[in-house]
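Pasting a predicted model and its sequence here:
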Amino acid sequence: MHKDELLELHEHMVQITETFRGMEEVDGSVFDPYDELDVTPDDVHKSKSEHKHAVFVLGNALATVMSEDEFSDAGRIGKRMEELADDAESKL
């Protein structure tokens, strides 16, 4: 995936995140690990690896919000996103 495509994906995921943040039943603290990264789609000067890591961390948070438990489809996706985020972080 090219960096511009990754930035676009990152932007779409942030928009989805904002929808979830607006829901009363969603615990917004699930997005804290992403917020702590301080990497947004607008940070075009940051490396592709940093954005890739941010996308995986955000993907994990989104899957967590959508999952019923760790064995649901979204729960399994969340677990895989967590693994990918850890791998991407090790390459930063």
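Noted; the coordinates are in hand. Keep in mind it's a predicted model, so treat the numbers as computed, not measured.

What residues of the lowest-mean-pLDDT helix or strand in the chain count as buried?
Ranked by mean pLDDT, DSSP states H and E, the weakest helix or strand in the chain is helix 73-90, scoring a mean of 85. Within helix 73-90, the residues that count as buried by 16 or more other CB atoms under 10 Å are 74, 75, 77, 78, 79, 81, 82, 84, 85, 88. To be clear about C-beta, it is placed using only N, CA and C from the backbone, and glycine gets the same treatment.

Where does pLDDT dip in this structure?
68-72 (pLDDT under 70).

Relative to residue 44, how far out is the residue of it positioned farthest from its centre?
Note on the chain: the largest C-alpha distance from the chain mean falls to residue 24, namely 20.0 Å (CA atoms, centre = their mean). Look at residue 24 and residue 44: by CB to CB, to the nearest Å, they are 34 Å apart.

The protein: helices as residue ranges?
Under the criterion DSSP state H, helices of the chain are mapped to 3-21, 32-37, 48-66, 73-90.

Point out the most buried one among those.
helix 48-66 (a mean of 21; mean count of other CB atoms under 10 Å).

just how off-centre is that one within its chain?
2 Å (CA atoms, centre = their mean, to the nearest Å).

ditto for stretch 10-26
11 Å.

Going by distance to residue 28, which of the buried residues of helix 73-90 wins?
Lowest distance from residue 28 to those (CB to CB) belongs to residue 78, with 16.5 Å.

In space, what's closest to that closest one - neighbours in sequence excluded?
Distances taken as CB to CB, 6 or more residues apart in numbering place residue 63 nearest to residue 78, at 3.2 Å, with adjacent residues excluded.

Please apply the same query to residue 7.
residue 41 is the one closest to residue 7 (CB to CB, 6+ apart), at 5.3 Å.

quick one, what contacts the one you found?
Going by CB atoms under 8 Å, 6 or more residues apart in numbering, residue 41 touches 7, 8, 10, 11, 14, 51.

Residue 8 now?
residue 41.

Would you quantify the distance from it to residue 79?
Distance of residue 8 to residue 79, computed by CB to CB: 25 Å.

likewise residue 39?
Residue 39 sits 22 Å away from residue 79, going by CB to CB.
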